[in-house]
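> Sequence and predicted model, in that order:
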Amino acid sequence: MKRIRIEINASRRGIRFDVPGTRMFKSGGFDLQYSFDTSTSDRGLLSMGLGLLAPIIDRNVPGEIEIVLPQPMPEADVLAWRRYHMLPSRIHVRTATTQHKPLARSSEPSGNSPIGLLYGGGKDSVAALVLAEQLYPNRPRDLLRMHWSAKSPERHREAFESHVLPTLGKRTSFEYFSVSSTMHAEVIDRADAASIHLARYLCSFIPYIEARHPHFLCHGYDALEFHGSAYRRAHPQVLRYIDSVYRDLGVPTTIRSLCFALPPKLGFGMIAKLRPDLVPAIYMCESLDARWCYKCRKCFTYGILCLAYAVEAEGFDLQRMFNPAGSYMTRIAAQLERTDSSYTPLELADLLAYPAHFQAVSGWGEDVVRGARVLKLPTEATSLLERTFLAIRSHSRLHMDELWIQAAAYEGGTDFARGLRTIGERHDLGLLDLPAVGGTVKGKNVRYLMFDIE
């Protein structure tokens, strides 16, 4: 059996993870640097090490493996991470022989404990922020941002803090906590970083969890991302494994997804109708050189959502985005003109939407074209948008623009679902009250997972 050692070294504002004797990281490991002072428990550090590195070790080291942490790990924590990551039985972790009791801290979050919002900055993050304001108005809000760009975590942090934080700070109240991770810059195979999925946040913010004891921790995936097994590790039932890890750290919090019942257009619409002043604070483009690059699918998505709700967002140039001579619209037009035998509609679909969102986006045409006319886009730009959406209209499904009430009840209980229903009725948002819905992703029929999956 091969032994793989994980070394963990914590300082006041940083944690270093090394995996000596392996070739998974360029420098042997990676660093987490925090914007706040940390005092992480030994048990918390062990969970961080296993949760962040076990899937990467699984991908890179064949055969029977024993992962050796700085000290034996409580068996309950090992089991939780094994279930969360679906680690194979060939991977063993040295566990403590004595029974570990949960760390003694508060039995329940206090009445003024904050809501911790894992904040990427896109439409789903802002929608979750708006829902936190609306449904939990007496709770303080903490924005938790991870900076992880493979090019430069530091530039990633600077772009966010210069473009987004000032806009948000003028419009809502929050405290800001960040961590910069060099994992993506250090991994030799980028797929290794992707293999840990949501654990990159759930583990990296354990120092925050122990310091702040949030009422709940919220991530922002939307309803259409919960299909098949792609986002299994963000599903409410699977996240209960990590709730138990947090409880055993003495922090009885839960992990929530306030956007679990919101398809993408509805999430944006909720922002546009409840807090239109926050639309300019949405941060989707991943360019490190400009606020918006106008050359990527994320810029295109933000633009068509603005058109769908006839919103002129400060700082975003709709005419530049949809200029038929611009780089992105030129690519779309070229796909619309193709008649060669090698052409596949998937090439156009890939330009227009993330695969999980394609059916939803296919139904936005009327609203997008109407918005283009209301906002007086040039005729050539409006015409190209109209042709584009006519080409994909047959793929649309009406339920992908509605609020999924039973999904809300499954994720957050009847009071949460009732609150969402009230918002939907007050602001004329479509409501869907079915136990399950289906769709198609990359040509495959799927069901959306608003029920227990394991």
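Received the coordinates, thanks. Only a predicted model underlies this, so the values are computations on that prediction, with no experimental measurement involved.

> Strands of the stretch 351-454 of the chain, start to end?
Assigned by DSSP state E, counting those that start in this stretch, the stretch 351-454 of the chain shows strands spanning 403-404, 431-432, 438-441, 444-447.

> Am I right that residue 30 sits in a helix?
No: with DSSP: H, G, I helix; E, B strand; the rest coil as the criterion, residue 30 is strand rather than part of a helix.

> most packed of the strands of the stretch 351-454 of the chain?
Between the strands of the stretch 351-454 of the chain, the one whose residues have the most neighbours on average, counting mean count of other C-beta atoms under 10 Å, is strand 403-404 (a mean of 26). All C-beta atoms are positioned from the backbone trio N, CA, C, and that covers glycine.

> returning to what we had before: redo the strands of the stretch 351-454 of the chain as a markdown table? Include mean pLDDT.
Formatted as a markdown table, these follow (pLDDT from 0 to 100):
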| stretch | mean pLDDT |
| --- | --- |
| strand 403-404 | 94 |
| strand 431-432 | 92 |
| strand 438-441 | 90 |
| strand 444-447 | 88 |
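
> Export the ones you listed to a markdown table and append columns for distance to residue 242.
Putting those into a markdown table (distance: least, C-beta to C-beta, whole Å) gives the following:
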| stretch | distance to residue 242 |
| --- | --- |
| strand 403-404 | 24 |
| strand 431-432 | 29 |
| strand 438-441 | 26 |
| strand 444-447 | 24 |
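
> could you measure residue 79 against residue 282, distance?
Remark: distance between residue 79 and residue 282 (C-beta to C-beta, to the nearest Å) = 39 Å.

> what do you get for residue 288?
Residue 288 sits 17 Å away from residue 282 when distances are taken as C-beta to C-beta.

> Looking at these two, which one has more neighbours?
Each of residue 288 and residue 282 had its neighbours counted (other C-beta atoms under 10 Å), and the higher figure belongs to residue 282 (23 against 15).

> pretty sure the more buried one is touching residue 126, no?
Yes: with contact taken as C-beta atoms under 8 Å, residue 282 and residue 126 are classed as touching, separated by 5.2 Å.

> between the two, what contacts are shared?
Shared contacts of residue 282 and residue 126, defined by C-beta atoms under 8 Å, 6 or more residues apart in numbering, comprise residue 271.

> all strands for the stretch 151-300 of the chain, in order.
Under the criterion DSSP E, counting those that start in this stretch, strands of the stretch 151-300 of the chain are mapped to 175-181, 216-219, 254-257.

> got the ones you listed as TSV, with mean pLDDT columns?
Rendered in TSV, the data for the strands of the stretch 151-300 of the chain read as follows (pLDDT from 0 to 100):
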stretch	mean pLDDT
strand 175-181	97
strand 216-219	97
strand 254-257	96
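
> quick one, phi psi at residue 113?
Listed backbone geometry of residue 113 is phi -70, psi 150, with angles given as degrees, to the nearest 10.

> Which residues are in contact with it?
Residue 113 makes contact with 139, 212, 213, 214, 215 under the criterion C-beta under 8 Å, 6+ apart.

> What distance do you get for it to residue 216?
With distances taken as C-beta to C-beta, residue 113 is found 9 Å from residue 216.

> Then residue 386?
Noted for residue 386: a distance of 43 Å to residue 216, by C-beta to C-beta.

> So for these two, which sits in the more crowded spot?
residue 216 (20 against 16).

> these two touch, right, the more buried one and residue 255?
Yes: the pair residue 216 and residue 255 passes the contact test of C-beta under 8 Å, sitting 6.9 Å apart.

> need the contact list for residue 172.
If you count contacts by C-beta under 8 Å, 6+ apart, residue 172 has them with 129, 133, 141, 275, 278.

> where does the stretch 1-150 of the chain have low pLDDT?
98-110 (pLDDT under 70).

> Going along the chain, name the helices of it.
42-60, 75-85, 123-135 (DSSP state H, counting those that start in this stretch).

> tell me what the last one is packed against?
Using 3 or more C-beta pairs under 8 Å, 6 or more residues apart in numbering; DSSP states H and E as the contact criterion, the elements in contact with helix 123-135 are strand 115-118, strand 141-147, helix 264-274, helix 405-426.

> Check the shortest one too.
For helix 75-85, the helices and strands in contact under the criterion 3+ C-beta pairs under 8 Å, 6+ apart are helix 42-60, strand 91-93, helix 236-248.

> if we go to 10 Å?
Using 3 or more C-beta pairs under 10 Å, 6 or more residues apart in numbering; DSSP states H and E as the contact criterion, the secondary-structure elements in contact with helix 75-85 are helix 42-60, strand 91-93, helix 199-204, helix 236-248.

> Serialize these to TSV and add fields for distance to residue 417.
Formatted as TSV, the helices and strands packed on helix 75-85 follow (distance: least, C-beta to C-beta, whole Å):
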stretch	distance to residue 417
helix 42-60	31
strand 91-93	39
helix 199-204	25
helix 236-248	13
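
> Distance to residue 424 and mean neighbour count added to the ones you listed, as JSON lines?
Supplementary listing: those in JSON lines, determined by distance: least, C-beta to C-beta, whole Å; neighbours: other C-beta atoms under 10 Å:
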{"stretch": "helix 42-60", "distance to residue 424": "36", "mean neighbour count": "22"}
{"stretch": "strand 91-93", "distance to residue 424": "45", "mean neighbour count": "18"}
{"stretch": "helix 199-204", "distance to residue 424": "28", "mean neighbour count": "23"}
{"stretch": "helix 236-248", "distance to residue 424": "20", "mean neighbour count": "19"}
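
> Out of the ones you listed, which is closest to residue 295?
Set against residue 295 and scored by C-beta to C-beta, the helices and strands packed on helix 75-85 come closest in helix 199-204, at 26.5 Å.

> just to revisit the earlier point, output the helices of the stretch 1-150 of the chain as CSV; include the columns distance to residue 163.
CSV is the format used below for those (distance: least, C-beta to C-beta, whole Å):
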stretch, distance to residue 163
helix 42-60, 28
helix 75-85, 33
helix 123-135, 14
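
> With respect to residue 237, which of those lies nearest?
When the helices of the stretch 1-150 of the chain are ranked by distance to residue 237, counting by C-beta to C-beta, first place goes to helix 75-85 at 10.8 Å.
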